[in-house]
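starting from these lines, generate the structure:
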Amino acid sequence: MKAKILAASALGAALLWVAPAVAQNKKAEGSTVNVTGCLAQGDKSNEYSIKDADGKTYGLKAGSELNLKAHLGHKLTVTGSPIEEKKGKVKAGKVEESEHLRVSNFSVVSTTCP
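As a prediction, this is how the structure comes out:
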């Protein structure tokens, strides 16, 4: 009986410790970020990147309904939600993104980049 009470107490304490961390991750993923910069090709054909005025590079992922490929080399403002990405090895010559966004919308600022 004591063992069951001890196990239940330990489980309850663990849930109280983990729940706030999970809630924080969901909150961060639910927030919206706007970034303005020049659109560049990412590592794969359906991945893109954008560098803001401060030099921070964002990896972008967008659904097929958003045709980002047609705007490569254009200055855009993208709206997206932060997503968690697994950290991998950085290949030589590749820029490591500071953050990754799932793009929900974008607007063209200019068809050229300075």
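
outline the domain layout of the chain.
Taking automatic domain parsing as the domain assignment, the ranges for the chain are 1-30, 33-86+93-110.

okay, how far is it across stretch 59-73, tip to tip?
Chord length of stretch 59-73, first to last residue, is 15 Å (C-alpha to C-alpha, to the nearest Å).

flag every buried residue along that stretch.
If you call a residue buried by 16 or more other C-beta atoms under 10 Å, then stretch 59-73 has these buried ones: G59, L60, K61, A62, L66, L68, H71. Just so you know, the C-beta spots here come from the backbone N, C-alpha and C atoms, and that holds for glycine as well.

please flag which of those sit within strands.
Among those, DSSP state E puts G59, L60, K61, A62 in strands.

if I look at the first one, how far off is L66?
The span separating G59 from L66 equals 15 Å under the rule C-beta to C-beta, to the nearest Å.

how about the buried residues of stretch 59-73 in CSV, adding distance to V108 and pLDDT?
Below are those laid out as CSV (distance: C-beta to C-beta, whole Å; pLDDT from 0 to 100):
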residue, distance to V108, pLDDT
G59, 20, 93
L60, 15, 94
K61, 19, 90
A62, 14, 88
L66, 12, 90
L68, 11, 93
H71, 6, 94
